[in-house]
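A.B. asks: what follows is a predicted protein model with its sequence.
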Amino acid sequence: MTTNFPDRLDLLLEFGPEVLVNSIAITETFKVNFGFFTSLRMTEEVAGFPIKTFGNDRLGGAGMTGSAFKLLSFIYACDIIAGMNTLFYGDNLKVLRESIKDESVDLVYLDPPFNSKRDYNILYREPMGSSSSAQITAFEDTWHWTDETERTFQELMDTASPPLAEMMRAFRGFVGVNDVMAYLTMMAIRLVELRRVLKPTGSLYLHCDPTASHYLKILLDTVFGKKNFRNEIVWKRTSSHNSGKRYGPINDIIFFYTKNDEYTWNTIYQSYSENYLNKFYRHTDKDGRRYRLSDLTGAGIRHGETGKKWKGINPTAKGRHWMRPPSELDKWEKEGRIYWPSKGGMPAFKRYLDEMPGGPCQSNWTDINPISAQAAERLGFPTQKPVALLERIISASSNEGDVVLDPFCGCGTTIAAAEKLGRQWLGIDVTYLAINLIENRLKEHFPNSKFEVTGTPTDVASARDLARRDKHQFEWWAISLVGARPNNDKKKGGDTGIDGIRYFRVSPTETVKVVVSVKGGEHLAPTMVRDLKGVMERENAAMGIFISLEKPTAGMKKEAASAGVYKTPLGATYPKLQLFTIEELLNNAKVHAPSQDETFKKAGFIDTSKQQEIEY
């Protein structure tokens, strides 16, 4: 799941043709996260190179030495450590090219933006579970033709297969240089990479709506080949939709393609409709079991056992034969599975409803309801899909242990479904809010899940780089270090001096607000802390947290101390305004505060006998 072995020649050159290891002491944490490595023995080979000796380096834990860390990087780069579930923060094109090797994925599901020119928001909840008025725009689903788009288009002309290059050229001539063409260019180059990472037996499902489905179908035919098109699945996403002077649009489209003729497939069964049951399963046994009648004979005569008389009935005389030998018919008779018409005639076989798997799933999906506004699984994305939808796709086109990839993983429904079904998974998203949302979702619903997050800052240098590249993403990442969420949508207006908010329950009936301010610049001054104090007063916030890349000045520390302490109704006290650097938070510095009221779903379990102090 990292770069291929040839891309890490620097490590090969450093260690030479033999990778040297000695007295490897693997910590428990290392075993949990990289359990595959524990199966290696001193005589086995790592990517073709024998394991020998190299000092007494300790792999795993805080005491990992430089040479051991480099060796671990080497092994990881050679794909010796496999099966790590990973969330990637970043542009999926870059991640696909740099971090996911050829033919390593069994199933791709993507629900890309549709160029619908609307915003994709994340909703948050306020105290006592009410909806927040703040809807944070994760990204804007609007694409424009830019210099970068032109470079991407030219790359396709230079490197894509001749059919794809010709199709993109035709698109440009027909569609023109505009937002739609920018969207198609963005999708085309990513579909090429997604096909590359699919195993020969792999499948791809692309979820879209009529806004772009006709264009995307042509792209998919060109990239995957028309012969590898399997289905156009129609999912009824809503029961009705009012739309002036046209039929109500209530369906989404899911295109199903495979890489080759041989692919993973597990038949999925659907429950029978009520109309079907009433028509075919009309009969009921005395014990209440519903059943339908099936023929006991087949067309044509036979001269063996199935052509003999049974219960005085000669099937040959009717030009037919028994479906089973008379001995098996006797067994069914004793089991009460033979139906005899009251007026005589040919007997029939009782086929019980509770023994049937259902009907094979068809391409029109009307049995999976969309997520309602009150649904427990709803996380706020307007395009969030129900888990049941992804479970059906994953169950049909992958097996337990297979790798599922979602390059636009959004709120993480694909990831959650893959985790539930015992698949390995890879998720990519370009916004930190989405990555943080998925992390929290996994920790809440799958507390034993082991996964890795890459692309987010892990040290001051990478944090500084993120602050330089994208101020908003940096701030969203920084406030997550103290468990806060964004205050409002900065893309829609000013931040009013507040970058993040947390809420804490300080008594069984009272919740207070904590405001967070983030500064990613190089120049700090006491006025910044003074401004935060003013915001705390204006917002009636109990506490404030100030986060900065640079170390606060002595004047800033003095200004923070002058804010005093916050005292809860139960008598616990905490510094009212606390200063932290990014480096301190990355080194696990803790905020002292009352117990956080995160979702309020567990309020009944709070220990009210005393005020609890926690570190987070």
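C.D. replies: Here it is on my side, so go on. Nothing here was measured: the structure is a model prediction, and the numbers come from that model. Numbers count the residues shown, from 1 in each chain.

A.B. asks: break down the stretch 501-616 of the chain into its helices, ranges please.
C.D. replies: With DSSP state H, counting those that start in this stretch, the ranges of helices along the stretch 501-616 of the chain come out as 526-539, 554-561, 582-586.

A.B. asks: the helix or strand hosting Tyr291 pairs with which strands?
C.D. replies: Using DSSP states H and E, Tyr291 falls within strand 290-295. Here strand 290-295 is paired, per DSSP bridges, with strand 283-284 (antiparallel), strand 348-352 (antiparallel).

A.B. asks: tell me the most buried of those?
C.D. replies: Among these, strand 348-352 has the highest mean neighbour count (mean count of other Cβ atoms under 10 Å), at a mean of 17. For glycine as for every other residue, the C-beta is placed from the backbone atoms N, C-alpha and C.

A.B. asks: immediately after that strand, which helix or strand?
C.D. replies: Later in the chain than strand 348-352, the nearest helix or strand by DSSP H and E is strand 359-360.

A.B. asks: so which elements touch the next helix or strand after that next one?
C.D. replies: Per DSSP H and E, the first helix or strand lying C-terminal to strand 359-360 is strand 364-365. Applying 3 or more Cβ pairs under 8 Å, 6 or more residues apart in numbering; DSSP states H and E, one finds that strand 364-365 contacts strand 229-236.

A.B. asks: in its sheet, which strands sit next to the strand it packs on, and in what direction?
C.D. replies: strand 251-258 (antiparallel), strand 364-365 (parallel).

A.B. asks: so the spatially closest residue to Ser397 that is not a sequence neighbour, which of the three states?
C.D. replies: For Ser397, ignoring the flanking residues on the chain, the nearest one in space by Cβ to Cβ, 6 or more residues apart in numbering is Ser203 at 4.2 Å. Under DSSP: H, G, I helix; E, B strand; the rest coil, the three-state class of Ser203 is strand.

A.B. asks: quick revisit: out of the strands paired with strand 229-236, which is closest to Pro569?
C.D. replies: Between Pro569 and the strands paired with strand 229-236, the tightest spacing by Cβ to Cβ is seen for strand 251-258, at 50.1 Å.

A.B. asks: what pLDDT, on average, does the closest one get?
C.D. replies: Average pLDDT, strand 251-258: 96.

A.B. asks: hang on, the earlier thing: for Asn178, find the nearest of the helices of the stretch 501-616 of the chain.
C.D. replies: The closest of those to Asn178 is helix 582-586. By Cβ to Cβ, the value is 41.0 Å.

A.B. asks: show me how far that closest one is from its chain's centre.
C.D. replies: Offset of helix 582-586 from its chain centre (Cα atoms, centre = their mean, to the nearest Å): 28 Å.

A.B. asks: report all helices and strands that that helix contacts.
C.D. replies: helix 460-469, strand 543-548.

A.B. asks: okay, buried residues for the next helix or strand after the longest one please.
C.D. replies: Going back to what we said before, that points to helix 460-469. Next in sequence after helix 460-469, counting helices and strands by DSSP H and E, comes helix 471-480. Across helix 471-480, burial judged by 16 or more other Cβ atoms under 10 Å covers His472, Gln473, Phe474, Glu475, Trp476, Trp477, Ala478, Ile479, Ser480.

A.B. asks: so what's the gap between the helix or strand that comes right after helix 471-480 and the chain middle?
C.D. replies: Using DSSP H and E, the helix or strand that follows helix 471-480 in sequence is strand 485-486. Relative to its chain's centre, strand 485-486 lies at 21 Å (Cα atoms, centre = their mean).

A.B. asks: strands paired with strand 485-486, and their directions?
C.D. replies: Next to strand 485-486 in the sheet, as set by DSSP bridges, lie strand 500-507 (antiparallel).

A.B. asks: from the chain's centroid, how far away is the partner strand?
C.D. replies: The chain centroid and the centroid of strand 500-507 are separated by 29 Å under Cα atoms, centre = their mean.

A.B. asks: could you figure out how far it is turned away from helix 526-539?
C.D. replies: Using axes from the mean of the first three to the mean of the last three Cα atoms, to 10 degrees, one finds that strand 500-507 and helix 526-539 are set 50 degrees apart in direction.

A.B. asks: tell me the mean pLDDT over strand 500-507?
C.D. replies: Strand 500-507 comes out at a mean pLDDT of 86.

A.B. asks: phi first, then psi, for Pro112.
C.D. replies: Per-residue torsions, Pro112: phi -70, psi 160 (degrees, to the nearest 10).

A.B. asks: scratch that, Glu391
C.D. replies: Dihedral pair for Glu391: phi -60, psi -40, per degrees, to the nearest 10.

A.B. asks: what's the burial count for it?
C.D. replies: Other residues lying near Glu391 total 19 when counted by other Cβ atoms under 10 Å.

A.B. asks: I'd like the numbering to begin with 36 instead of 1 from here.
C.D. replies: From this message on, residue numbering opens at 36, which makes the last subject Glu426.

A.B. asks: how about it, what does it touch?
C.D. replies: Glu426 sits next to Ala452, Lys455, Leu456 when contact means Cβ atoms under 8 Å, 6 or more residues apart in numbering.

A.B. asks: quick check, nearest of the buried residues of helix 506-515 to Lys548?
C.D. replies: The closest of the buried residues of helix 506-515 to Lys548 turns out to be Ile514 (Cβ to Cβ; 13.8 Å).

A.B. asks: picking that back up, any chance of the strands paired with strand 325-330 in a markdown table, plus distance to Cys396 and mean pLDDT?
C.D. replies: Listed next are the strands paired with strand 325-330 as a markdown table, based on distance: least, Cβ to Cβ, whole Å; pLDDT from 0 to 100:
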| stretch | distance to Cys396 | mean pLDDT |
| --- | --- | --- |
| strand 318-319 | 26 | 94 |
| strand 383-387 | 20 | 96 |
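
A.B. asks: Gly125 is nearest to which of the ones you listed?
C.D. replies: Of all the strands paired with strand 325-330, it is strand 383-387 that lies closest to Gly125, at 53.4 Å by Cβ to Cβ.

A.B. asks: dump that closest one to PDB, restricted to CA.
C.D. replies: Extracted in PDB, the C-alpha atoms of strand 383-387 (Å, rounded to 0.1, in the frame of the first residue of the first chain):
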ATOM      1  CA  ALA A 383     -46.800 -31.200  -6.600                       C
ATOM      2  CA  PHE A 384     -43.800 -30.400  -4.500                       C
ATOM      3  CA  LYS A 385     -44.200 -27.900  -1.600                       C
ATOM      4  CA  ARG A 386     -41.500 -25.300  -1.800                       C
ATOM      5  CA  TYR A 387     -41.400 -23.400   1.600                       C
END
